[in-house]
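Student: turn this into a model:
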Amino acid sequence: MVPRGRRMCEIPAMDAVWSEANGHALPTLITAIPGPRSQAAVDVLARHESPGITARRARQGEARGVGKDPIVWDRAAGANVWDLDGNRFVDLTAAFGVALIGHAHPAVVAAVQEQAPRLLHGMGDVFPNGPRIALMERLAAVAPGDLSQCILTGGGAEAVEAALKTAALASGRPGVLAFWGSYHGLSYGALPATAYKDDFRRPFHGQLGQHVTHLPYGCDLALIDALLAGPATGGELIGAILVEPMLGRGGNVVPPAGWLAGLRRIADERGVILIFDEVYTGLGRTGAWWAGDHDGVVPDVLCAGKALAGGMPIGVAIATPEVMGAWGRSVGEAIHTATFIGHPVVAAAALATLDVMAAMDVPALARAFEAAARARFGERVRGRGAMLGLALPSPGAAARVMGRALKRGVITLPGGVHGDILGLTPPLALSDAQRDHAFDVLAAAIAEEEAAHG
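Tutor: Residues are numbered from 1 along each chain as shown. From the prediction side, this is the model:
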């Protein structure tokens with residue numbers, strides 16, 4: 001086991017990891033976007049994937065589709081992505097924030113290659129493995145406050161589900177307060193709390209529990225306090241407040257100053273468990289190691305994931321011993337577990353990722369990206385660190401700007417409840433030259449959008 005705080009491996013400087021030929025390159029487009037190989041691959045995809053997954057143009061006999069097919073990724077390194085046609089792009093998404101330290105960081109790849117032949121799979125809750133134990137010890141060292149006991153999962157939505165179960169046990173109450181605009185995942189346990197778009201929940205409304213109450217994000221704290229006062233409001237049944245300390249997909253919204261601290265106070269006064277969903281915001285992306293750090297607030301349970309394992313699937317709910325102790329002691333049949341819990345290869349990747357994050361000083365790089373974005377785009381910028389959005393003039397504009405940027409070799413994502421926020425969550429392997437070039441592309445794409453749609 002690795003002693004607390006000691007690195008698993010030596011991490012080279014970023015300039016020694018990436019080069020202009022690999023990871024730090026500007027876009028090079030050799031076909032139309034999408035190219036013929038991408039389109040042919042999507043033809044195969046259309047035959048075999050559920051039509052509800054990947055947005056693509058309609059094929060023969062299909063009633064619905066979008067205006068174009070996506071590019072099909074072939075490989076990625078640093079801040080570059082290559083498609084099947086050999087086109088090279090600059091990525092400003094980090095694949096939903098996952099590749100925070102850069103796509104395919106060599107230290108993470110090496111950790112996977114070293115661990116895979118040694119122990120490829122563990123045995124869930126029955127027989128723990130070394131990397132799993134070392135990772136939980138490391139997470140306790142980097143988590144805020146006295147959060148030190150973990151439930152490892154296979155992704156962020158599972159981490160949210162584990163947190164909600166923990167809160168129900170600790171509080172003795174099943175209800176949850178969440179907020180409009182939030183995104184907590186689409187699995188059945190997390191979906192009732194997700195309020196980014198009604199479209200996600202509407203088809204499954206009849207199967208979802210009615211235990212979640214939603215209020216506006218950043219609302220008056222008195223409204224929350226009045227709700228929890230019950231019984232006329234039903235608030236006496238609420239045992240958890242689930243909140244993103246900064247909205248991600250909901251539009252990169254920073255809460256009002258003091259709001260998170262107010263949630264902490266109310267939770268303490270009402271005996272409610274405060275859960276921070278930091279799956280997207282955590283691990284330095286907002287310019288602090290945890291988004292709650294901006295306000296000096298520590299939750300009872302924190303959810304992390306996405307960037308934690310450098311590209312491998314992982315999530316974690318980490319809580320105080322007092323709160324996590326509500327589960328009681330397992331006597332041989334855990335009441336919450338999974339076959340792949342604490343997967344040794346994923347855990348090894350996460351340990352290497354945490355080493356890289358510390359060596360890079362991810363929060364400082366995120367703050368530098370924010371400064372450059374604000375200098376270029378001014379009041380259009382929303383968010384913090386390397387989790388930003390560019391406000392656009394009309395609903396649906398973000399998807400159109402995304403399409404224009406993609407044809408110039410820059411990958412972005414639309415966001416915001418109304419589709420009017422262009423999300424920027426780049427890998428922090430991004431070079432200054434790549435960043436400046438991408439900003440030029442975005443400025444041109446936004447100008448075209450404003451000229452066409454006002």
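
Student: which residues of this protein fall in helices?
Tutor: Counting by DSSP state H, the chain has these helices, from start to end: 14-17, 36-48, 94-97, 106-115, 130-142, 156-171, 198-201, 221-229, 259-270, 321-324, 344-360, 362-377, 397-406, 432-453.

Student: determine which of those approaches Ser187 most closely.
Tutor: With respect to Ser187, and counting by CB to CB, the nearest of those is helix 156-171 at 4.2 Å. From N, CA and C alone the C-beta is placed, and that goes for glycine too.

Student: kindly export the closest one (C-alpha atoms) in PDB.
Tutor: As requested, the backbone C-alpha atoms of helix 156-171 are provided in PDB (Å, rounded to 0.1, in the frame of the first residue of the first chain):
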ATOM      1  CA  GLY A 156     -21.000   9.600 -11.200                       C
ATOM      2  CA  ALA A 157     -24.700   8.600 -11.200                       C
ATOM      3  CA  GLU A 158     -23.900   5.500  -9.100                       C
ATOM      4  CA  ALA A 159     -22.000   7.800  -6.700                       C
ATOM      5  CA  VAL A 160     -25.100  10.000  -6.400                       C
ATOM      6  CA  GLU A 161     -27.200   7.000  -5.700                       C
ATOM      7  CA  ALA A 162     -24.800   5.800  -3.000                       C
ATOM      8  CA  ALA A 163     -24.900   9.300  -1.500                       C
ATOM      9  CA  LEU A 164     -28.700   9.400  -1.400                       C
ATOM     10  CA  LYS A 165     -28.800   5.900   0.200                       C
ATOM     11  CA  THR A 166     -26.300   7.000   2.800                       C
ATOM     12  CA  ALA A 167     -28.300  10.200   3.500                       C
ATOM     13  CA  ALA A 168     -31.500   8.200   4.000                       C
ATOM     14  CA  LEU A 169     -29.900   5.900   6.400                       C
ATOM     15  CA  ALA A 170     -28.200   8.700   8.300                       C
ATOM     16  CA  SER A 171     -31.200  11.000   8.500                       C
END
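
Student: so who does the closest residue to Ala372 other than its chain neighbours touch?
Tutor: Counting by CB to CB, 6 or more residues apart in numbering, Arg435 is the residue found nearest to Ala372 once chain neighbours are left out, at 6.1 Å. Going by CB atoms under 8 Å, 6 or more residues apart in numbering, Arg435 touches Phe369, Ala372, Pro426.

Student: wait, doesn't the last one sit right on Ala94?
Tutor: Yes. Counting by CB atoms under 8 Å, a contact exists between Pro426 and Ala94, whose distance comes to 5.8 Å.

Student: need the strands for the stretch 1-150 of the chain, in chain order.
Tutor: Using DSSP state E, counting those that start in this stretch, the strands assigned to the stretch 1-150 of the chain run over residues 73-77, 80-83, 88-91, 149-153.

Student: I'd like the ones you listed laid out as JSON lines, including distance to Asp440, mean neighbour count and mean pLDDT.
Tutor: Shown next, in JSON lines, are the strands of the stretch 1-150 of the chain (distance: least, CB to CB, whole Å; neighbours: other CB atoms under 10 Å; pLDDT from 0 to 100):
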{"stretch": "strand 73-77", "distance to Asp440": "22", "mean neighbour count": "17", "mean pLDDT": "98"}
{"stretch": "strand 80-83", "distance to Asp440": "17", "mean neighbour count": "23", "mean pLDDT": "98"}
{"stretch": "strand 88-91", "distance to Asp440": "11", "mean neighbour count": "24", "mean pLDDT": "98"}
{"stretch": "strand 149-153", "distance to Asp440": "40", "mean neighbour count": "24", "mean pLDDT": "98"}
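
Student: any chance of the ones you listed in a markdown table, plus distance to Ala190?
Tutor: Listed next are the strands of the stretch 1-150 of the chain as a markdown table, based on distance: least, CB to CB, whole Å:
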| stretch | distance to Ala190 |
| --- | --- |
| strand 73-77 | 26 |
| strand 80-83 | 28 |
| strand 88-91 | 26 |
| strand 149-153 | 11 |
